[in-house]
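Student: Here's my sequence, what's the structure:
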Amino acid sequence: MKRRDFLQSSLWTAAALSVPEFRAVHATARPGTVADVAAITGDGREIALRGKDIQALAAKLHGELLLAGDGGYDDARHILNPSFDKHPALIVQPVDVPDIQAAVDFARANSLLVAVKCGGHSHSGQSTCDKGMQIDLSKFRSVKVDPQARRVRVTGGSLLGQVDKATAPHGLVTPLGTVSHTGVGGLTLGGGFGRIARKFGMAIDNVESVEIVTADGKLVRASSSENPELYWGARGGSGNFGVVTQFEFKLHQMQRDVVAGSVAFPLERARDVLTLWSEYAPVAPDELYIDPTVMQPPGNAPGVAMLQVCYCGPQADAEKALAPIRKLGTPLKDSIKTIEYVQAQRANDSTDTRAIASYLKGGFVPKVPGEMINAMVDGFHGDPRRMTVLFAQHCGGAGSRVADSATAFAHRYALGNFMTVVAWPIGDKDPSPHIEAARTYWKTLEPFTRGFYVNDMAREVTAKDINENYRSNYPRLVALKTKYDPTNLFRLNANVTPTKT
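Tutor: From the prediction side, this is the model:
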């Protein structure tokens, strides 16, 4: 999540810095004979994949096919949260669309459980799997900017930092997330909040078209004029319809500099900080994004309550927009300054708690009444064995002025996406006390929430929870799922179950 200056422990900092780097592609054929591999189908049946079939798949690929014991297998199977330690039967690392089609065809032919990994940020661990196929898109990354048309085309495995870096020299942006090593695919398919989303809309509101390899292995293009129903469903319907090979986003003109940073106060000021946010967040200008955070680091480090901000409007108006925040008084630290937007987007990269063992619960709130503030403050308890965080993503603005039925994302009413996170040392063999602490705390906040963000879905969420979370859009999503993925090949997501035929 955030807060670079408050993770003092070398254990936590070292873990948080373990983020993936871009790597060159070196495709190689599989030599020798491949033994049969134990695997599992999507519905849980044990099967054996024939070695000769695996070799045939490898021969079709321009990218890599990895099995347990191969170099690179362990790097690929892991996601950012190391509390998930799963072992796919095989991993395909495509470098082009035909590779993805070959992987999907193989998975369909064998009814394999399939996980798709972009940036590996899945809180519920669904970008990896045990004994299924992982399609790892880390080698399928490309960003092409058309500054005249104000469009950017992004391949499915790309990271949002790559997009920001490519568009910034043209004075153009598209709203994508808050951590630069987030995968564009996972972020966008679930909705996509970000520092400038209140000004320019959510990521899904800026998608002009998608290209998807669906469960039948075909490449389908979807836009407002071509397969419009699939275009609707891909914008907020999670990964239910296939592997997105390309997103086309519209770009907006914006100055390269923003006013961004945070003001931090002692933990004892948490009520003041949260009250200020509850009052100002609903009326703040669209150009201002404010995240409240209450955090207790592990060990004996003092806790903090803070507001992290990003203002993307005219520089001359920044202090006016920040004036209500200044009324909180002198903070412990004030890092708000004029910086490049790309730099602001990277500010949380090394302290994203998904890079350490962690557990999250979250939900949308339409408002924050005094009773919720009482519950947030009174129930917040740190523990020297773990990091405890309560925070929210600021929603609203332009994204709230879109109808719930315009895209599959059905939570346009949200003022904020509140979450509580606990994180513990990777070597802790029994995380259950940490997880239970988070669940107990969340139970006091959940009555104030309405639905949840599928990109921050808890690991124990049920099918009933997901169905209800799509609200009135659910029947339409079922029809789409039945058309494009009737056997539910793509089920490791905020899954919509197809109608049985």
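Student: ok, now how distant is D216 from F490?
Tutor: 12 Å (CB to CB, to the nearest Å). The way it works is simple: take the backbone N, C-alpha and C, and place the C-beta from them, glycine included.
Student: my bad, should have said G242
Tutor: For G242, the distance to F490 equals 6 Å [CB to CB].
Student: Overlap of the contact sets of the two?
Tutor: Residues within reach of G242 and of F490 at once, by CB atoms under 8 Å, 6 or more residues apart in numbering, are A215.
Student: re the thing from before, between D216 and F490, which has more neighbouring residues?
Tutor: Neighbour totals were compared for D216 and F490, and F490 leads with 26 against 16 (other CB atoms under 10 Å).
Student: Test my guess that that one contacts V114.
Tutor: Yes: using CB atoms under 8 Å, F490 is in contact with V114, at 6.2 Å.
Student: Neighbours of R50, how many?
Tutor: 14.
Student: And the one 3 residues further on, by the same measure?
Tutor: D53 sits with 15 neighbouring residues when counted by other CB under 10 Å.
Student: Report the contact partners of it.
Tutor: D53 makes contact with 106, 110, according to CB under 8 Å, 6+ apart.
Student: so L360 touches V461, yeah?
Tutor: No: L360 sits out of contact with V461 when judged by CB under 8 Å, with a separation of 11.3 Å.
Student: more crowded one of these two?
Tutor: More neighbours surround L360 than the other of L360 and V461, with 22 against 16 (other CB under 10 Å).
Student: Relative to L112, how far out is the residue nearest the centre of the chain?
Tutor: Central residue of the chain (CA atoms, centre = their mean): L187, 4.4 Å from the mean position. With distances taken as CB to CB, L187 is found 25 Å from L112.
Student: again with S223
Tutor: Counting by CB to CB - S223 and L112 are separated by 30 Å.
Student: quick one, which of the two is more surrounded?
Tutor: Between S223 and L112, counted using other CB under 10 Å, the more crowded position is L112 (25 against 15).
Student: Can you name the residues bridging to the nearest residue to the more buried one once chain neighbours are set aside?
Tutor: Nearest in space to L112, with sequence neighbours left out and distances taken as CB to CB, 6 or more residues apart in numbering, is M133 at 4.8 Å. Beta-bridge partners for M133, by DSSP bridges, are L90, V114.
Student: Please look at M133 and Q93 and confirm they touch.
Tutor: No: if you go by CB under 8 Å, M133 and Q93 don't touch, sitting 11.5 Å apart.
Student: okay, now the residue nearest to L112: neighbour count?
Tutor: 26.
Student: give the contact list for it.
Tutor: Taking CB under 8 Å, 6+ apart, one finds 39, 88-92, 103, 106-107, 112-115 in contact with M133.
Student: try A305
Tutor: Contact partners of A305, counting by CB under 8 Å, 6+ apart, are 264-267, 269-270, 272-274, 292-295.
Student: what does G313 give?
Tutor: Counting by CB under 8 Å, 6+ apart, G313 touches 199, 285, 287-288, 321.
Student: So which of those are in strands?
Tutor: When the contacts of G313 are checked against strands (DSSP state E), the matches are L288.
Student: Kindly reformat the contacts of G313 as CSV containing neighbour count.
Tutor: As requested, these are exported to CSV (neighbours: other CB atoms under 10 Å):
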residue, neighbour count
K199, 23
P285, 14
E287, 20
L288, 25
A321, 19
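Student: Between the contacts of G313, which sits nearest V454?
Tutor: Closest to V454 out of the contacts of G313 is K199 (23.2 Å), distances taken as CB to CB.
Student: so the closest one touches E287, yeah?
Tutor: Yes: here K199 lies in contact with E287, judged by CB under 8 Å, at a distance of 5.4 Å.
Student: any residues in contact with both of those two?
Tutor: Applying CB under 8 Å, 6+ apart, one finds that K199 and E287 are jointly contacted by 312-313.
Student: out of the contacts of A305, which are buried?
Tutor: 264-265, 267, 269-270, 272-274, 292-295 (16 or more other CB atoms under 10 Å).
Student: For those, which two are the farthest from each other?
Tutor: Taking CB to CB, no two of the buried ones among the contacts of A305 sit farther apart than D272 and M295, at 15.5 Å.
Student: ok, and the closest non-adjacent residue to T487?
Tutor: Nearest residue to T487, sequence neighbours excluded (CB to CB, 6+ apart): A215, at 6.8 Å.
Student: A403: how many residues sit nearby?
Tutor: 8.
Student: ok, how many other residues are close to Q162?
Tutor: The local packing of Q162 (other CB under 10 Å) involves 20 other residues.
Student: Tell me which residues touch it, please.
Tutor: Neighbours of Q162 in contact, by CB under 8 Å, 6+ apart: 141, 143, 154.
Student: ok, it to Y341 distance?
Tutor: Distance of Q162 to Y341, computed by CB to CB: 14 Å.
Student: Tell me the one of the contacts of A305 nearest M387?
Tutor: Using CB to CB, these come closest to M387 at M295, 7.1 Å.
Student: Name the helix or strand for that closest one, please.
Tutor: Using DSSP states H and E, M295 falls within strand 288-296.
Student: quick one on the thing from earlier: now render the buried ones among the contacts of A305 as a markdown table, adding distance to P369 and pLDDT.
Tutor: Formatted as a markdown table, the buried ones among the contacts of A305 follow (distance: CB to CB, whole Å; pLDDT from 0 to 100):
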| residue | distance to P369 | pLDDT |
| --- | --- | --- |
| A264 | 25 | 98 |
| F265 | 22 | 98 |
| L267 | 22 | 97 |
| R269 | 20 | 98 |
| A270 | 16 | 98 |
| D272 | 16 | 98 |
| V273 | 16 | 98 |
| L274 | 11 | 98 |
| P292 | 15 | 98 |
| T293 | 20 | 97 |
| V294 | 17 | 98 |
| M295 | 23 | 96 |
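Student: Of the residues you listed, which is the nearest to V402?
Tutor: P292 (24.2 Å).
Student: List of residues touching stretch 383-393?
Tutor: 1-2, 7, 12, 178, 193, 277, 291-300, 353, 365, 376, 380-382, 416-425, 428, 433-434, 437-438.
Student: Just the buried subset of those, please.
Tutor: Listed as buried from the contacts of stretch 383-393 are 1-2, 7, 12, 178, 193, 277, 291-298, 353, 365, 376, 380, 382, 416-425, 434, 437-438; burial here means 16+ other CB under 10 Å.
Student: how about the helices in the stretch 151-300 of the chain?
Tutor: Assigned by DSSP state H, counting those that start in this stretch, the stretch 151-300 of the chain shows helices spanning 160-167, 184-190, 197-200, 228-234, 270-280.
Student: P498: which of these is closest?
Tutor: P498 lies closest to helix 228-234 among these, at 12.5 Å (CB to CB).
Student: Now that closest one: average pLDDT?
Tutor: Computed over helix 228-234, the mean pLDDT rounds to 98.
Student: CA atoms only for that helix - export them in CSV, please.
Tutor: Extracted in CSV, the C-alpha atoms of helix 228-234 (Å, rounded to 0.1, in the frame of the first residue of the first chain):
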residue,chain,number,x,y,z
PRO,A,228,-20.3,-4.2,-28.0
GLU,A,229,-21.7,-6.6,-25.4
LEU,A,230,-18.3,-8.1,-24.8
TYR,A,231,-16.8,-4.6,-24.7
TRP,A,232,-19.3,-3.8,-21.9
GLY,A,233,-18.5,-7.0,-19.9
ALA,A,234,-14.7,-6.6,-20.2
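Student: So which bits of that helix are buried?
Tutor: Buried, per 16+ other CB under 10 Å, within helix 228-234: 230-234.
Student: what's that helix packed up against?
Tutor: Under the contact criterion of 3 or more CB pairs under 8 Å, 6 or more residues apart in numbering; DSSP states H and E, helix 228-234 touches strand 207-213, strand 219-223, helix 474-484.
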